[in-house]
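**Student:** sharing a model that was predicted from the sequence below.
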Amino acid sequence: MGGTTGMWLARKAANRFNKIILANTGARIGTQDVWNARIASVLAKGMTAVVDTTLERWLSKNFHENKPQGVAAVRKMLLTTPAHGYAGCSAAIRDADQRWDIGSVKLPTLVIIGTLDPGTPPAGGEQIASRIPNAKIARLEAAHLSNLEKGEQFTAEVRKFLA
């Protein structure tokens, strides 16, 4: 949701920002069919229906193997997320398509790409960066939650960009 919201804000309220960072996102994420199936599943069965597949998308195999406490914390967060809230966020992402409008962003932009992210694949981040004039790219060997998996690298990239 952060990347989708950030792109919208960069287009509609650019005067409120000096720079933007778009991490692990795409201007169009997934397909309507994927999101509709996810929404229906969560509304029918609750968050347990999607927790395992979400964890597979959000965290790399290496993180799963080496940071079980981190995986457990994300699992707990997902399982305590209200199903209707998750469904609403999923519908918002399903309906968002900023592929063409993102080219109007003029703010200095950093696009952080998780090279192992199946949910918002690297090509989506690269597309964003190619559409925003002078956007910079930082690639981290991580899945969707690159700030969690590669916290020090993520923070270093953010600090360098904001300096």
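**Tutor:** Perfect, thanks for sending it.
**Student:** okay, CA-based contacts and neighbour counts for the rest of this
**Tutor:** Fine.
**Student:** can you show me the helices along the chain?
**Tutor:** Here the chain has its helices, by DSSP state H, at 2-12, 32-45, 51-58, 61-66, 68-79, 83-95, 122-131, 146-149, 151-162.
**Student:** wait, which of these is closest to residue 107?
**Tutor:** helix 2-12 (7.2 Å; Cα to Cα).
**Student:** so what does that closest one touch, helix or strand wise?
**Tutor:** If contacts are counted by 3 or more Cα pairs under 8 Å, 6 or more residues apart in numbering; DSSP states H and E, helix 2-12 sits against strand 20-23.
**Student:** could you identify which of the helices of the chain is most buried?
**Tutor:** The highest average neighbour count among the helices of the chain, using mean count of other Cα atoms under 10 Å, belongs to helix 146-149 at a mean of 21.
**Student:** who are the packing partners of it?
**Tutor:** Partner elements for helix 146-149 (3+ Cα pairs under 8 Å, 6+ apart): helix 151-162.
**Student:** for the helix it packs on, the averaged confidence score.
**Tutor:** Across helix 151-162, pLDDT averages out at 98.
**Student:** got the domain boundaries for the protein?
**Tutor:** For the chain, automatic domain parsing gives the domain ranges 1-29+98-163, 31-95.
**Student:** and the end-to-end length of the last one?
**Tutor:** The first residue of domain 31-95 is 9 Å away from its last residue (Cα to Cα, to the nearest Å).
**Student:** also the longest one?
**Tutor:** One end of domain 1-29+98-163 sits 25 Å from the other (Cα to Cα).
**Student:** just how off-centre is that domain within its chain?
**Tutor:** Centroid separation for domain 1-29+98-163 versus its chain: 9 Å, with Cα atoms, centre = their mean, to the nearest Å.
**Student:** just give the number of residues close to residue 112.
**Tutor:** Around residue 112 there are 25 other residues, counting by other Cα atoms under 10 Å.
**Student:** my error: substitute residue 1 in the last question.
**Tutor:** For residue 1, the count of nearby residues is 10 (other Cα under 10 Å).
**Student:** ok, now how distant is it from residue 134?
**Tutor:** 24 Å.
**Student:** ditto for residue 113
**Tutor:** 16 Å.
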